[in-house]
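Engineer: One predicted model, sequence on top.
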Protein chains: 2
Amino acid sequence: MRKPQAHIRVDFSESVSIGPGKIGLLEQIERSGSLSAAARELGMSYRRAWLLLSSVNTGFSEPVAVLSVGGVEGGGAQLTKFGKQLVSDYRKFEQQVDDLAQKTFAAVRAGR
Amino acid sequence: MRKPQAHIRVDFSESVSIGPGKIGLLEQIERSGSLSAAARELGMSYRRAWLLLSSVNTGFSEPVAVLSVGGVEGGGAQLTKFGKQLVSDYRKFEQQVDDLAQKTFAAVRAGR
């Protein structure tokens, strides 16, 4: 029996939203310390990773990550305090939504 | 200041999920008593409405709606008790997720 699985996206404006893709990228940046390494580890093109990061990085009242220039790898990347908080808030939210989905749809069964 | 807006989808299996589109269609069927009228009122093709309904109607352990044959309009449509409960559970879930999003992201601001 598969559990119901909730998928979420949170829009903050017309142009900025977060969901599992962007949050996963931010977490990987935090682990890798580099955008190009994060992209590679997620099997994502550098261009796509850059665009995703750019959309969240310019869409909020403050940056979520800072990039440092230099080196063959294109420099390092680090989450700001705000970025770390956003990731942690999102993961907490996701867990609570999942708990709520299990509770709400406990009696609903897929299949015939 | 725009509020954060949560968008959700709940997957129950590989082949059955619910989100605002399908739930909105079920609600419109309940109001209209007919799939073709519901489709028209939502500005959706009959074919699309039929496919959406069909995916939820066959994807759960019991039907969400029953169609009755006949007439120029292609007959009537009514939600089952299970269908009504699913719609009501989803809307309650959606409201709780929205409350949680407001609470979680109260300090997060879009824009520069």
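Structural biologist: Noted; the coordinates are in hand.
Engineer: Counting by contacts, list what the lengthiest helix in chain A packs against.
Structural biologist: Determined from DSSP state H, the single longest helix within chain A is helix A:81-104. The contact analysis (3 or more C-beta pairs under 8 Å, 6 or more residues apart in numbering or on different chains; DSSP states H and E) places helix A:81-104 against strand A:5-11, helix A:20-32, strand B:5-11, helix B:81-104. For the C-beta atoms, the positions are set from N, CA and C on the backbone; glycine is no exception.
Engineer: Looks like A:E41 contacts A:Q28 (just checking).
Structural biologist: Yes - between A:E41 and A:Q28 a contact is recorded at 5.7 Å, counting by C-beta atoms under 8 Å.
Engineer: And those two? Which one has more around it.
Structural biologist: Using other C-beta atoms under 10 Å in any protein chain shown, the more surrounded residue of A:E41 and A:Q28 is A:Q28, with 20 against 15.
Engineer: Nearest spatial neighbour of the more buried one, chain-adjacent residues omitted?
Structural biologist: The shortest distance from A:Q28 to any non-neighbouring residue, by C-beta to C-beta, 6 or more residues apart in numbering or on different chains, is to A:A38 (4.0 Å).
Engineer: rounded to a whole number, what's the mean pLDDT of the helix or strand containing that neighbour?
Structural biologist: Secondary structure from DSSP states H and E places A:A38 in helix A:35-41. On average, the pLDDT along helix A:35-41 is 94.
Engineer: then it to PDB, C-alphas only?
Structural biologist: Taking Å, rounded to 0.1, in the frame of the first residue of the first chain, the C-alpha atoms of helix A:35-41 are listed here in PDB:
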ATOM      1  CA  LEU A  35      27.400  25.800  -8.100                       C
ATOM      2  CA  SER A  36      29.100  23.800 -10.900                       C
ATOM      3  CA  ALA A  37      29.800  20.800  -8.500                       C
ATOM      4  CA  ALA A  38      26.200  21.000  -7.200                       C
ATOM      5  CA  ALA A  39      24.900  21.000 -10.800                       C
ATOM      6  CA  ARG A  40      27.100  18.000 -11.700                       C
ATOM      7  CA  GLU A  41      26.100  16.000  -8.600                       C
END
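Engineer: In the helix or strand just after that helix, which residues are buried?
Structural biologist: Counting by DSSP H and E, the next helix or strand C-terminal to helix A:35-41 is helix A:46-59. Residues A:49-50, A:52-53, A:56-57, A:59 are the ones in helix A:46-59 that count as buried (16 or more other C-beta atoms under 10 Å in any protein chain shown).
Engineer: could the helices and strands packed on helix A:81-104 go into CSV alongside mean pLDDT?
Structural biologist: CSV is the format used below for these (pLDDT from 0 to 100):
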stretch, mean pLDDT
strand A:5-11, 95
helix A:20-32, 96
strand B:5-11, 95
helix B:81-104, 97
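Engineer: of all those, which lies closest to A:V87?
Structural biologist: With C-beta to C-beta as the criterion, A:V87 lies closest to helix A:20-32 of those, at 5.1 Å.
Engineer: Could you check the angle the closest one makes with helix A:81-104?
Structural biologist: Inter-element angle recorded for helix A:20-32 and helix A:81-104: 130 degrees (by axes from the mean of the first three to the mean of the last three C-alpha atoms, to 10 degrees).
Engineer: Thanks a lot, catch you later.
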